[in-house]
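1. Provide a 3D model corresponding to the input given below.
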Amino acid sequence: MSDNLPRRHVLRAAGVLGLGAAAVGALNGQSAAAPVATSAPLGHGRLDIRKEPFGTTPEGKNVDVYTFSNGKVTISMLTWGATIQRIDLPDRRGRKKNVSLGFDNLDDYRMKSPYFGATIGRYGNRIAKGQFSIDGVQYQIPPNNGENALHGGPVGFDKNVWDAKVVRSDHAIGVSFSLVSPDGDQGFPGTLTTNVTYTLNRRNELRVEYRASTDKATVVNLTNHTYFNLAGEGNGAIYDHVLKLNAPKYTPVDAGLIPTGELPSVSGTPFDFRSPQTIGSRIRSNHPQMLIGRGYDHNFVLGAAGKDGFRLAAKAWEPESGRTLTVHTTEPGVQVYTGNFLDGSIVGIGGNAYRQGDAFCLETQHFPDSPNQPSFPSTLLRPGKTLKSTTIFAFGTH
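-> Numbering: from 1, shown residues only. Below is the predicted model:
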């Protein structure tokens, strides 16, 4: 773990993350030279896609893997959980590695996966005690995270086989996944019809578009749970990754990781990533919130959206490979999770054991426990309305 970036990395970080000299000084506590210009995009290539069998569930449902590429970036997705299995990216020298944690077989996804790469629903993150009320009616989701409900309950969207079809245009290629969750599924009211479309364009952007509708008032919070390591999956801890968040506030949590309802400033805390910091620089802090989460496992409140409805959520950079990740979203928050509960008991797709800190997640979302927090942005969806949400993951090098 590095408490401070080497100076050459500090200077590059300023350019990569779009910062000026003042931010460089803030990052490393010293005067700064001129910012370094960012490199050109990875480039353009041919749009290809293929479909292959991946396995069969005990109930006899076939699971497929779709692999699509723009000639530089290659993404593999499963119909099991509408899951990102692999993201193969070149480094600054053109050498490709998979930067997404996952498995090479269906049984591990079924039995062991801590939501690797999955599309999460009906409700991403936690609901306190699995309970909430709509129009005076109380609903109970089976607890699956202590006394709380996590990521939609014991059998969330990540544990379903989705329907899938290829989507293609002159500029992008990918897969559109759909799932119908019946009324009462995991205790949630209403038949919820969900469509999530993942497309990769020629600018090396993975666009994730969520759509959902219901026939009865319900709560919905959809996200993707990819575990990133820009140095390469199974390549060790992500503590030297540089992270910048467009987040002036965050949502503190109690011992069960349920928000307290407060929205304090990140100023003066280990949660201040408004200027770039290595993920590991303060992860061992004795701040009470860091002790509760065993690291970062918190929702960050993003800055205001632009005229197009998008917010810059995060920028990340891995110094050795030069790989970068930029996230824009229409969602008001992002959960930053640093793989705190990975304990070495899971062997991933590359044959290496995954340990604490081996990845980070950037889960764009509405805030945790919003159905029980009136001051938070609402996650209520009523009949006749359509949930619409988009997140863009842009990949590059520097």
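
2. how far does stretch 115-128 sit from its chain's centre?
-> Stretch 115-128 sits 10 Å away from the centroid of its parent chain (CA atoms, centre = their mean, to the nearest Å).

3. using CSV, write down the CA coordinates of it.
-> Taking C-alpha atoms only, stretch 115-128 is exported to CSV below (Å, rounded to 0.1, in the frame of the first residue of the first chain):
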residue,chain,number,x,y,z
TYR,A,115,-22.1,-10.4,-7.2
PHE,A,116,-19.1,-10.4,-9.5
GLY,A,117,-20.1,-8.2,-12.5
ALA,A,118,-23.8,-8.8,-12.0
THR,A,119,-26.8,-6.6,-12.9
ILE,A,120,-28.3,-6.0,-9.4
GLY,A,121,-32.0,-5.7,-8.6
ARG,A,122,-34.7,-5.3,-7.7
TYR,A,123,-33.0,-3.2,-5.1
GLY,A,124,-29.3,-2.5,-5.2
ASN,A,125,-27.6,-2.1,-1.8
ARG,A,126,-29.3,-2.5,1.6
ILE,A,127,-32.8,-2.1,2.9
ALA,A,128,-32.9,-1.9,6.7
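
4. so for it, what's the average pLDDT?
-> For stretch 115-128, mean pLDDT is 98.

5. pull out the buried residues from it.
-> Within stretch 115-128, the residues scored as buried using 16 or more other CB atoms under 10 Å are 115-128. C-betas here are computed from N, CA, C, even on glycine.

6. and these, which is closest to Lys216?
-> Set against Lys216, the nearest of these by CB to CB is Arg122 (12.5 Å).

7. who are the neighbours in contact with the closest one?
-> Contacts for Arg122 were tallied using CB atoms under 8 Å, 6 or more residues apart in numbering; they are 152, 156-157, 181, 185-186, 188, 192, 218-222.

8. now swap in Ser321 and tell me
-> 91-92, 97, 230-232, 397.

9. rerun that using 7 Å as the cut-off
-> When contacts are counted by CB atoms under 7 Å, 6 or more residues apart in numbering, Ser321 touches 91-92, 230-231.

10. what's the ChimeraX line that selects buried ones from those?
-> This is how ChimeraX selects the buried members of the contacts of Ser321, with burial counted by 16+ other CB under 10 Å:
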select :91,230,231
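
11. among the contacts of Ser321, which two are most distant?
-> Farthest pair in the contacts of Ser321, by CB to CB: Arg92 and Ala231, 12.3 Å.

12. circling back: give me the subset of the contacts of Ser321 that lies in helices.
-> Within the contacts of Ser321, no residue falls in helices by DSSP state H.

13. quick one: which of the contacts of Ser321 is nearest Glu205?
-> Leu230 (15.9 Å).

14. how many neighbours does the residue lying closest to the closest one once chain neighbours are set aside have?
-> Nearest non-adjacent residue to Leu230, counting by CB to CB, 6 or more residues apart in numbering: Glu318, 3.6 Å away. Neighbours of Glu318 under the rule other CB atoms under 10 Å: 24.

15. separation between Glu318 and Gln356?
-> The gap separating Glu318 from Gln356 is 18 Å, by CB to CB, to the nearest Å.

16. I'd say Thr194 and Ala212 touch.
-> Yes. Applying CB atoms under 7 Å as the test, Thr194 and Ala212 come out as touching, 4.6 Å apart.

17. for Ala237, which non-adjacent residue is spatially closest?
-> Gly357 (4.1 Å).

18. what number of residues lie near that neighbour?
-> 22.

19. roughly how far apart are Glu147 and Trp80?
-> 28 Å.

20. between those two, which one's more packed in?
-> Ranked by neighbour count (other CB under 10 Å), Glu147 and Trp80 place Trp80 first, with 24 against 11.

21. just the element for the residue nearest to Ala237, please.
-> Assigned by DSSP states H and E, Gly357 belongs to no helix or strand.

22. got the buried residues of stretch 115-128 as a markdown table, with distance to Ser370 and secondary structure columns?
-> Output for these, formatted as a markdown table (distance: CB to CB, whole Å; DSSP: H, G, I helix; E, B strand; the rest coil):
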| residue | distance to Ser370 | secondary structure |
| --- | --- | --- |
| Tyr115 | 19 | coil |
| Phe116 | 25 | coil |
| Gly117 | 24 | coil |
| Ala118 | 20 | coil |
| Thr119 | 19 | strand |
| Ile120 | 14 | strand |
| Gly121 | 14 | coil |
| Arg122 | 13 | coil |
| Tyr123 | 9 | strand |
| Gly124 | 10 | coil |
| Asn125 | 9 | coil |
| Arg126 | 10 | strand |
| Ile127 | 9 | strand |
| Ala128 | 11 | helix |
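
23. just name the closest of those to Tyr139, please.
-> Checking those against Tyr139 with CB to CB, the nearest one is Ile127 at 9.5 Å.

24. how near is the closest one to Ser265?
-> 26 Å.

25. run through the strands of the stretch 201-350 of the chain in chain order.
-> According to DSSP state E, counting those that start in this stretch, the stretch 201-350 of the chain carries its strands in the segments 205-214, 218-219, 223-224, 242-245, 249-251, 277-278, 297-301, 311-317, 323-329, 333-337, 343-347.

26. deepest-packed of those, please.
-> Mean neighbours per residue, mean count of other CB atoms under 10 Å, is largest over the strands of the stretch 201-350 of the chain for strand 223-224, with a mean of 27.

27. with that, I have no additional questions.
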